[in-house]
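**Q** sharing a model prediction with you, sequence too.
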Amino acid sequence: MKGEPRSGRIVIVGASLAGLRAAETLRDKGFTGSLTLVGDEPEPPYDRPPLSKQVLLGRTGAADTGLPLRREVDARWKLGVRAEGVDPVGKRVILADGERLPFDRLLIATGTRARPWPNPGEARLDGVLTLRTSQDAAALSSRLDAGPRRVLVIGAGFTGSEIASACRERGLEVTVAERGPSPLVGALGGTLGAFAATLQRAHGVDLRCGVTVTALKGSNGRLTGAEFSDGGRIEADVAVVALGAVRNTEWLAGSDLAAGPRGVACDAGCRAFNMYGIVTDDVFVAGDVARFPHPLFEYQMLALEHWGNAIAQAEVAAHNMVATGPDRRPHLAVPAFWSSQFGLNIKSVGVPTFSDHVVIAQGSLREGRLVAVYGYRGRVTAAVSVNRAKWLEHYRHLIETAAPFPPARGAADRPESAEPVPSDVPDPRQLSHGPTVALTGHLPDRRLTLVRHEPTPAAVHRP
């Protein structure tokens, strides 16, 4: 591919949303070379957001969430096979079945997996589940169909809260345990976190905040209940571990890429950094596994677990894989995500956790229809709507133009209170789940030892 970027060999590791959309974009951009997609799941690419919503409610089957093809990609698919390494010198991807795939350019789109329960013995109890894959969703939906006496949800981030919402809509008793002070606090801060807590309790959720699950109890290999850090106990037939995600980077050990628990670091053009911070020309990153700098957020490295970001970043990465020099473009999309739970539609633009204050700019917490606007050092950085999504494009523009915070009030704005309050974004270490947008800062994932090579006497320049 050195001479012609639209030919040669491209390998995409990760055959989910980002990998599929990248493959389609490559063909749209005129790539005519060989294209191989590697995925560790046996199923073709499918849509994950419905798994914690429509599938758990029984409105669609887990097998019916396949992603539509926007065009034929003329690719070789290696599904149900893990990638186990990258040979950076020989430019080959090493697969678990022993095959070595040569590449001229590589796209890493391996995403995340559900964080497991830390006690392996307890995790093996029948009734202890996670929710990430379509198989997970099918298993959990089947358990809910059986009518368990009580479901325990461990972690009150978006996934945990959506699971709790589905349980209550089914009429099931559910207990939610969250280490932090409220649900969603790691993503939305204290004000909307308190609102989410009131909402869940109003819908009959047994919500327990500021506690951890210290043990899952079982009998004859089946889950029977749980014990909490405050001394409480419950009986439960099903426990769903919703403790956030683990980024799939372990397979990159020894690749010399800047990969670690926080993801794979790349520039705004999706080109991966090596472990010394030098940008690569032939390895790209996209989707949940990527960490990239964003100028709207002081060039902090962002890691996003969002459907829209996976598509946008995959398209930029694919474009840059077949473009040269000035034709390459940056991935600077404003983060956006949404959730449906307890009868409410929650949508967000920007990075709510990148804030020091928040103001209810429209509506009110009391009526449950509102727009909360977040600011950092006097400029708008995010907005979250609850059943008021039509205003988000306006606030997206304010974020993109670094508009002053608090925003000016319009004629349609009649908030209950227009006084900014601290956004109360907690330290992630205080939570039992991770935020959907992570500001990972500039700290490396490992310490490096620099070896200085002293020149030999013959090589010393003499005047």
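**A** Looks like it arrived, so ask away. Note that the structure is a prediction, hence the values are computed from the model and not measured. Residues are numbered from 1 along each chain as shown.

**Q** how many other residues sit next to the nearest residue to Ser165 once chain neighbours are set aside?
**A** Spatial nearest neighbour of Ser165, excluding adjacent residues (C-beta to C-beta, 6 or more residues apart in numbering): Gln341 at 3.9 Å. Just so you know, the C-beta spots here come from the backbone N, C-alpha and C atoms, and that holds for glycine as well. Around Gln341 there are 24 other residues, counting by other C-beta atoms under 10 Å.

**Q** ramachandran angles for Gln341?
**A** Main-chain dihedrals, Gln341, degrees, to the nearest 10: phi -160, psi 140.

**Q** any idea how far Ala63 is from it?
**A** To Ala63, Gln341 is 24 Å away according to C-beta to C-beta, to the nearest Å.

**Q** ok, for Ser348, nearest residue in space, not its chain neighbours?
**A** Here the residue nearest Ser348, using C-beta to C-beta, 6+ apart, is Val384, at 4.6 Å.

**Q** now do the buried residues in stretch 200-208.
**A** Within stretch 200-208, the residues scored as buried using 16 or more other C-beta atoms under 10 Å are Gln200, His203, Val205, Asp206, Leu207, Arg208.

**Q** identify, from these, the entry nearest to Phe292.
**A** Taking C-beta to C-beta as the measure, Gln200 is the one of those closest to Phe292, at 33.4 Å.

**Q** for the record, mean pLDDT for the host helix or strand of the closest one?
**A** Here Gln200 sits within helix 185-202, counting by DSSP states H and E. Averaging the model's pLDDT scores along helix 185-202 yields 96.

**Q** quick one on the thing from earlier: which of the residues in whichever strand or helix holds the residue nearest to Ser348 are buried?
**A** Per DSSP H and E, Val384 falls inside strand 379-386. Buried residues in strand 379-386, counting neighbours by 16+ other C-beta under 10 Å, are found at Val380, Thr381, Ala382, Ala383, Val384, Ser385, Val386.

**Q** so what does that strand touch, helix or strand wise?
**A** Packing partners of strand 379-386 (3 or more C-beta pairs under 8 Å, 6 or more residues apart in numbering; DSSP states H and E): helix 185-202, strand 344-350, strand 369-376, helix 392-400.

**Q** including distance to Arg21, could the ones you listed go into a markdown table?
**A** Below are the helices and strands packed on strand 379-386 laid out as a markdown table (distance: least, C-beta to C-beta, whole Å):
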| stretch | distance to Arg21 |
| --- | --- |
| helix 185-202 | 24 |
| strand 344-350 | 21 |
| strand 369-376 | 29 |
| helix 392-400 | 21 |
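
**Q** and the helices in the stretch 1-150 of the chain?
**A** For the stretch 1-150 of the chain, the helices defined by DSSP state H, counting those that start in this stretch cover 17-28, 120-123, 134-145.

**Q** just the C-alphas of the second one, formatted as PDB.
**A** Listed next in PDB are the C-alpha coordinates belonging to helix 120-123 (Å, rounded to 0.1, in the frame of the first residue of the first chain):
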ATOM      1  CA  PRO A 120     -14.700 -16.700  40.300                       C
ATOM      2  CA  GLY A 121     -16.400 -19.200  42.500                       C
ATOM      3  CA  GLU A 122     -19.400 -16.900  43.100                       C
ATOM      4  CA  ALA A 123     -19.400 -15.900  39.400                       C
END
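
**Q** tell me which other helices or strands that helix touches.
**A** So helix 120-123, by 3+ C-beta pairs under 8 Å, 6+ apart, packs with strand 213-219.

**Q** from what I see, the residue nearest to Ser348 and Gly363 are in contact.
**A** No - contact criterion C-beta atoms under 8 Å: Val384 and Gly363 do not qualify, at 11.4 Å.

**Q** overlap in contacts of these two?
**A** Both Val384 and Gly363 are in contact with Val371, where contact means C-beta atoms under 8 Å, 6 or more residues apart in numbering.

**Q** hang on, the residue nearest to Ser165 packs against Gly160?
**A** No - in this structure Gln341 lies outside contact range of Gly160 using C-beta under 8 Å: 10.0 Å.

**Q** ok, the closest residue to Phe103 other than its chain neighbours to Phe405 distance?
**A** Closest residue to Phe103 apart from its sequence neighbours, by C-beta to C-beta, 6+ apart: Val11 at 4.1 Å. For Val11, the distance to Phe405 equals 44 Å [C-beta to C-beta].

**Q** quick one, which of the two is more surrounded?
**A** Taking neighbours as other C-beta under 10 Å, Val11 and Phe405 compare with Val11 leading, 24 against 21.

**Q** any low-confidence regions in this protein?
**A** 1-4, 410-417, 429-463 (pLDDT under 70).

**Q** what about Leu107, how many neighbours?
**A** 28.

**Q** wait, it touches Gly287, no?
**A** No - under the criterion of C-beta under 8 Å, Leu107 makes no contact with Gly287, lying 9.4 Å away.

**Q** which outside residues touch stretch 78-94?
**A** By C-beta under 8 Å, 6+ apart, stretch 78-94 touches 11, 13, 15, 36-44, 95-97, 99-104, 106, 110, 251-257, 282-283.

**Q** so which of those residues belong to strands?
**A** Among the contacts of stretch 78-94, DSSP state E puts 11, 13, 36-39, 95, 100-102, 106, 282-283 in strands.

**Q** show the buried residues in those.
**A** Buried members of these, counted by 16+ other C-beta under 10 Å: Val11, Val13, Thr36, Leu37, Val38, Gly39, Leu95, Leu101, Leu106, Asp282, Val283.

**Q** so which of these is the closest to Pro148?
**A** Closest to Pro148, out of all of those and judged by C-beta to C-beta, is Gly39, at 32.0 Å.

**Q** ok, and the closest non-adjacent residue to the closest one?
**A** Nearest to Gly39 is Ala15, by C-beta to C-beta, 6+ apart, at 2.8 Å.

**Q** circling back: so what secondary structure elements neighbour the helix holding Gln200?
**A** Helix 185-202 sits against helix 158-169, strand 206-209, strand 344-350, strand 357-364, strand 369-376, strand 379-386, with contacts defined as 3+ C-beta pairs under 8 Å, 6+ apart.

**Q** shared neighbours, Leu107 and Gly287?
**A** Between them, Leu107 and Gly287 share these contacting residues under C-beta under 8 Å, 6+ apart: Gly14, Gly19, Ala314.

**Q** save those as CSV, and put in distance to Val425 and neighbour count too.
**A** Putting these into CSV (distance: C-beta to C-beta, whole Å; neighbours: other C-beta atoms under 10 Å) gives the following:
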residue, distance to Val425, neighbour count
Gly14, 30, 28
Gly19, 32, 26
Ala314, 29, 32
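
**Q** quick one: which of those is nearest to Asn320?
**A** For the shared contacts of Leu107 and Gly287, the nearest to Asn320 is Ala314 (11.0 Å; C-beta to C-beta).
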